[in-house]
Each structure stands twice: as structure tokens, then as C-alpha cells.
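[1] just a sequence and a predicted model for now, questions to come.
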Amino acid sequence: MNMNAITKHYDKLTTRERFGLLVAAGARGDDTDRAALLASAPRKTWSIPTTNGFAEAFTFLSMFHIMTMQENSTLYNLLLDMDEDIKKINMGGHTWIGLLALLRARTLSRDEAWRVVCAEYGINPEDLTSDLPGAESVLFFVEVMKRSNDINPVNVDPTEYINDLHAVIEKNRAEWE
């Protein structure tokens, strides 16, 4: 088959036909044909708002926050459900009560970091997370952790988590500028 004769008609292909030919060229390792198909494809252009990088970052971070808090909630419930005999065992240098305290410190530090960063951008954190699955149970869990901390306080230090959140935002912002 004369490839030059076929190549001359690449501009007449439908998008669906071109896609099938691109997949076939990729499967047979024909980089030349694949490049010709891509080069002859009609182009679409669009514009995006300059806030897109921030929107992408906060969408990701909202989902990450909810998932992290759900993970902490699950760990908390697993710790509470342990047998009394297991609770007496030293686990990785920590007692059962110590593990609960570490989990509370981690939960409250992460939640505080999320709230601080949202406030820096003038955002109500619940506006970003309220539509996500499990958001209500996360709010309840964080409230339980705060009330537990009133009774048996742990050190809450959001600094490390704030830095991580800033890094994600900056990376996404830079990718879209």
C-alpha cells in the first residue's frame, strides 16, 4: 500500500477514524505514521481562568483532607474496639492510651493546618468539602477529637502540614501559569 497516497488524505479523516488509526499506529510502533496523524489533526483551542491552578490544588486537597480524616477515624475506631488484653501490650513503644493521643494530635494538627491554609485564601473549609462523601462524619469526628483534647490535651502543631499544603498549592499554581 502506498503510504504517501494515504497520508495525503489524513486531513479528511473524522475524529473517530483518526483515533482508531492513532491507536493502530501506536500498537505497531509506527511513530512516523502516528506523528503524521497527530500533525494533520484539526486543532481546538480554549482558555482557562488564571485561578485554575488554585482550583485544581484545592479540589485535590479537599478530597485528601476528607480521606485522611476518614482514615484517622477508622484507626480511632479500631483502637477503641481492641480487646482489653491487647490494650495492655506495648505497641511500637507506645501504650494504647499513647496511640490514641498520637492519633488525636495528628488529626487535630492536620485539621488545624487545613483551616489555617483555607483562611489564608479567604475560604471557608466546609464550602470546599461539604459535598464530598463522608464530610459530615469527618466534622463529627474532628469535634470528638477536640472535645477529647479538652479533657486530655495533646500538643497540636500544624506547621509541618501547613508547609505540605502550601507546597501542593504552589506546584499546581505554577503548572497553570
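    Arrived safely, thanks for sending.
[2] kindly provide the distance from E71 to F64.
    Remark: distance between E71 and F64 (CB to CB, to the nearest Å) = 10 Å. In short, each C-beta sits where N, CA and C put it, glycine included.
[3] between the two, who's got more neighbours?
    The residue with more neighbours, out of E71 and F64, is F64; 15 against 11, by other CB atoms under 10 Å.
[4] host element of the more buried one?
    helix 52-80 (DSSP states H and E).
[5] equivalent analysis for V142, please.
    Judged by DSSP H and E, V142 forms part of helix 135-151.
[6] packing partners for that helix?
    Secondary-structure packing of helix 135-151 (3 or more CB pairs under 8 Å, 6 or more residues apart in numbering; DSSP states H and E): helix 52-80, helix 96-120, helix 125-129.
[7] out of the ones you listed, deepest packed?
    Mean neighbours per residue, mean count of other CB atoms under 10 Å, is largest over the helices and strands packed on helix 135-151 for helix 96-120, with a mean of 18.
[8] could you pull out the buried residues of the helix holding V142?
    A135, V138, L139, F141, V142, M145, S148, N149 (16 or more other CB atoms under 10 Å).
[9] does anything pack onto the helix or strand following it? Which helices or strands?
    Toward the C-terminus, helix 135-151 is succeeded by helix 159-175 as the next helix or strand (DSSP H and E). If you count contacts as 3+ CB pairs under 8 Å, 6+ apart, helix 159-175 packs onto helix 52-80, helix 96-120.
[10] need the ones you listed in a markdown table (columns: distance to T14 and mean pLDDT).
    Shown next, in a markdown table, are the helices and strands packed on helix 159-175 (distance: least, CB to CB, whole Å; pLDDT from 0 to 100):
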| stretch | distance to T14 | mean pLDDT |
| --- | --- | --- |
| helix 52-80 | 30 | 94 |
| helix 96-120 | 46 | 95 |
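[11] could I get those helices as JSON lines with distance to A25?
    Formatted as JSON lines, these follow (distance: least, CB to CB, whole Å):
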{"stretch": "helix 52-80", "distance to A25": "32"}
{"stretch": "helix 96-120", "distance to A25": "46"}
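[12] closest to the centroid, which residue in this protein?
    F60 (3.7 Å; CA atoms, centre = their mean).
[13] what residues are up against the spatially closest residue to that one that is not a sequence neighbour?
    Nearest residue to F60, sequence neighbours excluded (CB to CB, 6 or more residues apart in numbering): V168, at 6.8 Å. The contact partners of V168, taken as CB atoms under 8 Å, 6 or more residues apart in numbering, are A57, F60, L61.
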